[in-house]
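Trainee: Here's my sequence, what's the structure:
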Amino acid sequence: MNIIQSNIANLPTKYGKFKIKAYKDGNQEHLAIMSQDFETLDAPYVRIHSECLTGDTLGSLKCDCQNQLDLSLKFIAEQGGLVIYHRQEGRNIGLVNKVNAYALQDQGRNTIQANLELGFGEDDRDYSIVGHIFNDLGVKKLKLIILQCIAVITANFITIWYFEELFFRGFWYVIFASFILTFIYIIRSFCCLRKIRVFWFAAIPVFLFGIYLAFLFNDGIKKLNFQVYKEKRTEIVQMVQNNQIKIRKDMELIELPEDYKKCSSGGEAVVRKNNGSYTVGFWYTQGFLDSGFSLFAYSNDDSRTDVIQMVKEYGGIEYEINLSEKEKGWYYVTAKVGE
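Mentor: Next comes the predicted model:
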């Protein structure tokens, strides 16, 4: 490999101060973005981010690349690490072919089908430059930043965390107290040389934890989420209806006001307006291991058409939509999305 390398330079950003180094491999130029303490890290966190002009720069709703890059840079600014900006646009088919693939997706193909129809493989990216960068920067051990997991922790789990004051904190306090009482009983039994009857005490926290898991996997959290935030979400819908929240285009991802950020995982909502009808989607989960997303949506379109169309436009072409009505005008939507 004939790689041209730059010197290391400082780069102040809105996320924090980084060090950067560029690498040129043929016609492709890549960038290593390092935290200030990168050289002192024995096993740095690493994210390999594939270039996506439409997502990273233009904020395309067909993918979540911009969010992934933002999360990565915030993460290494706080935890230390390395982001490699891997410049192989559109899975290494180039921008022109990527736009051609988008055109085929508009006709109903998914990402893989479009790439294959254009004569490319499912994924033509080449990661040999990544190995070169690791060697050059002395990376022997690393910890991968899995962005979807970060998203779950910072978005989906935050949603659950906000239920503390209503249910979870109290419930977990009961479980925790049960474990403490069980432990105290065992210690006291030893000290007093009593026959230990641990089973019944141990069964209490186990039983309570079982109830919690049953609640968790029986859509309990989802139902509670809907009821807890319905009032706040309705206020956002009214703001959209009264133009208190300005929408510059037919569909837009908006940042919620500070007092309403708990209403949607990640603090953002998606809004779609069309000929007098409007739809507002509040995230419940977002993109865990490419499994898609789910949201609560309100629409004044009784035919559900706008809800389905919003999911199509946000998620791309490859999707499986499951839509169930919670109350009049309110829906719970899950979708498997394409790239």
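Trainee: Just the residues contacting the strand or helix carrying T285, thanks.
Mentor: Using DSSP states H and E, T285 falls within strand 277-286. Residues outside strand 277-286 that contact it (CB atoms under 8 Å, 6 or more residues apart in numbering): 64, 151-152, 155-156, 159, 222, 225, 229, 233, 236-237, 240-241, 263-266, 268-273, 293-301, 306-307, 310-311, 314, 332-333. For every residue, glycine as well, the C-beta is placed using N, CA and C.
Trainee: Now list the buried members of these.
Mentor: Listed as buried from the contacts of strand 277-286 are 64, 151-152, 155-156, 159, 225, 229, 233, 236-237, 240, 263-266, 268-273, 293-299, 301, 306-307, 310-311, 314, 332-333; burial here means 16 or more other CB atoms under 10 Å.
Trainee: what ranges do the strands span in this protein?
Mentor: Listed in chain order, the strands found in the chain under DSSP state E are 3-5, 9-12, 17-25, 28-35, 45-50, 81-86, 143-144, 251-255, 268-274, 277-286, 293-299, 321-327, 330-335.
Trainee: residues in contact with R87?
Mentor: Q28, E29, H30, L31, E51.
Trainee: bridging residues for the nearest residue to the third one once chain neighbours are set aside?
Mentor: Once flanking residues are discounted, H30 sits nearest to Y23: 4.8 Å by CB to CB, 6 or more residues apart in numbering. The residues listed as beta-bridge partners of Y23 by DSSP bridges are Q5, H30.
Trainee: mind listing what Y23 touches?
Mentor: Contacts were defined as CB under 8 Å, 6+ apart; by that measure Y23 touches I3, I4, Q5, S6, E29, H30, L31, A32, I129, H132, I133, D136.
Trainee: In JSON lines, list those along with pLDDT and neighbour count.
Mentor: Written out in JSON lines, the entries for the contacts of Y23 read as follows (pLDDT from 0 to 100; neighbours: other CB atoms under 10 Å):
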{"residue": "I3", "pLDDT": "92", "neighbour count": "14"}
{"residue": "I4", "pLDDT": "95", "neighbour count": "10"}
{"residue": "Q5", "pLDDT": "96", "neighbour count": "13"}
{"residue": "S6", "pLDDT": "96", "neighbour count": "13"}
{"residue": "E29", "pLDDT": "95", "neighbour count": "14"}
{"residue": "H30", "pLDDT": "97", "neighbour count": "21"}
{"residue": "L31", "pLDDT": "97", "neighbour count": "18"}
{"residue": "A32", "pLDDT": "97", "neighbour count": "24"}
{"residue": "I129", "pLDDT": "94", "neighbour count": "21"}
{"residue": "H132", "pLDDT": "95", "neighbour count": "16"}
{"residue": "I133", "pLDDT": "95", "neighbour count": "23"}
{"residue": "D136", "pLDDT": "95", "neighbour count": "13"}
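Trainee: Just give me the closest of those to K246.
Mentor: The shortest gap between K246 and any of the contacts of Y23 belongs to L31, at 34.8 Å (CB to CB).
Trainee: I'd guessed the closest one sits against L69; true?
Mentor: No. The criterion here is CB atoms under 8 Å, and L31 misses it with L69 at 11.6 Å.
Trainee: Quick check: neighbours shared by those two?
Mentor: Common contacts of L31 and L69, defined by CB under 8 Å, 6+ apart, are absent altogether.
Trainee: Pretty sure I4 sits against K24.
Mentor: Yes. With contacts counted by CB under 8 Å, I4 reaches K24, the gap being 4.1 Å.
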